[in-house]
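> All I have is the shape, not the residue letters:
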């Protein structure tokens, strides 16, 4: 029997309920604009991630406006200084959960893009420069270095077609300096704090696509979460299908541990270890 998808109105209602619950819990004001309603899928994925993090740490909304409103950043054109973000406090460290912050890749300074959601290390800082090649030098170019990134997540309200799945691998590898396919390292730990980088997909997958998702998750430290419009959620801490990162990678001192060697898929660059 075919699965029944949610209507757009039902999905928005689900996201609105999650947002209002978040605002009640953290005593912030719910204020959403038309652009943010259009980006409701991305906002819903953010709250799915926050619900996961609530099980292991304390969340604190940051950078509210004078009215106490939490301001979602759902466009890469926004100034991060003008929008809210979430502080995650766990084991005495304060991580940052942000939307649409540009990541400057370790591959090359001119390779930079905006993941939909990014989790940053405690000491991360968003830098800004005026670049004549960006908005004719009239707007600041905001970015963080990829060595400050714990995990970058993408949200696509689409079906999981093969090209979408493969394109996520490029974003994953460009945004995470900690990943090097030439280095034998155990990237995952079932007891880890941080979910592995996620591709959140609204549409459901067919059997051949599910095989591809399973294969990609077996080869890379990533989560591919499809079928969200059908109410299929695997990001609960109780769901063993979700993968978590090895916390040792983000400790003050990182020592590689043995693991099977992965294929070389990237241009040569210096190992983060």
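Received the coordinates, thanks. All values reported here derive from a predicted model rather than from experimental measurement.
> Next secondary structure element downstream of the least confident helix or strand in the chain by mean pLDDT?
When the helices and strands of the chain are scored by mean pLDDT, DSSP states H and E, helix 34-38 comes last with a mean of 51. Sequence-wise, the next helix or strand downstream of helix 34-38 (DSSP states H and E) is helix 40-53.
> For that next one, enumerate the helices and strands it packs against.
Judged by 3 or more CB pairs under 8 Å, 6 or more residues apart in numbering; DSSP states H and E, the packing partners of helix 40-53 are helix 8-26, strand 85-90, strand 93-99, strand 117-120, strand 149-156, strand 198-201. Using the backbone N, CA and C atoms, a C-beta is placed for each residue, glycine as well.
> Near residue 176, how many residues? Count them for me, please.
26 (other CB atoms under 10 Å).
> From residue 67, how far off is it?
The gap separating residue 176 from residue 67 is 36 Å, by CB to CB, to the nearest Å.
> Same check on residue 97?
Residue 97 is 22 Å from residue 67, by CB to CB.
> Check what pLDDT residue 256 gets.
You'll see residue 256 listed with a pLDDT of 45.
> out of residue 97 and residue 67, which sits in the more crowded spot?
Set residue 97 next to residue 67 and count neighbours by other CB under 10 Å: residue 97 wins out with 21 against 9.
> Okay, the closest residue to the more buried one other than its chain neighbours and residue 187: tell me how far apart.
Setting aside the residues directly before and after it, residue 97 is nearest to residue 86 in space (CB to CB, 6 or more residues apart in numbering), at 4.1 Å. Distance from residue 86 to residue 187, counting by CB to CB: 24 Å.
> Equivalent analysis for residue 201, please.
Separation of residue 201 from residue 187 (CB to CB) stands at 22 Å.
> Pick out whichever of those two has more residues nearby.
Ranked by neighbour count (other CB under 10 Å), residue 201 and residue 187 place residue 201 first, with 29 against 23.
> how about the more buried one, what does it touch?
Listed by CB atoms under 8 Å, 6 or more residues apart in numbering, the contact set of residue 201 reads 156-160, 164, 224-228.
> one more time with 6 Å
156, 160, 226 (CB atoms under 6 Å, 6 or more residues apart in numbering).
> Could you check how far the first one is from residue 177?
Right, the one you point to is residue 156. 24 Å.
> Checking my notes, residue 184 in a strand, right?
No: per DSSP: H, G, I helix; E, B strand; the rest coil, residue 184 lies outside any strand segment and is coil.
> count of neighbours near it?
Count around residue 184 with other CB under 10 Å applied: 12.
> Over to residue 159?
Using other CB under 10 Å as the criterion, residue 159 is surrounded by 16 other residues.
> swap in residue 77?
For residue 77, using other CB under 10 Å, the count is 9.
> what's the distance between it and residue 133?
Relative to residue 133, and taking CB to CB, residue 77 is found at 16 Å.
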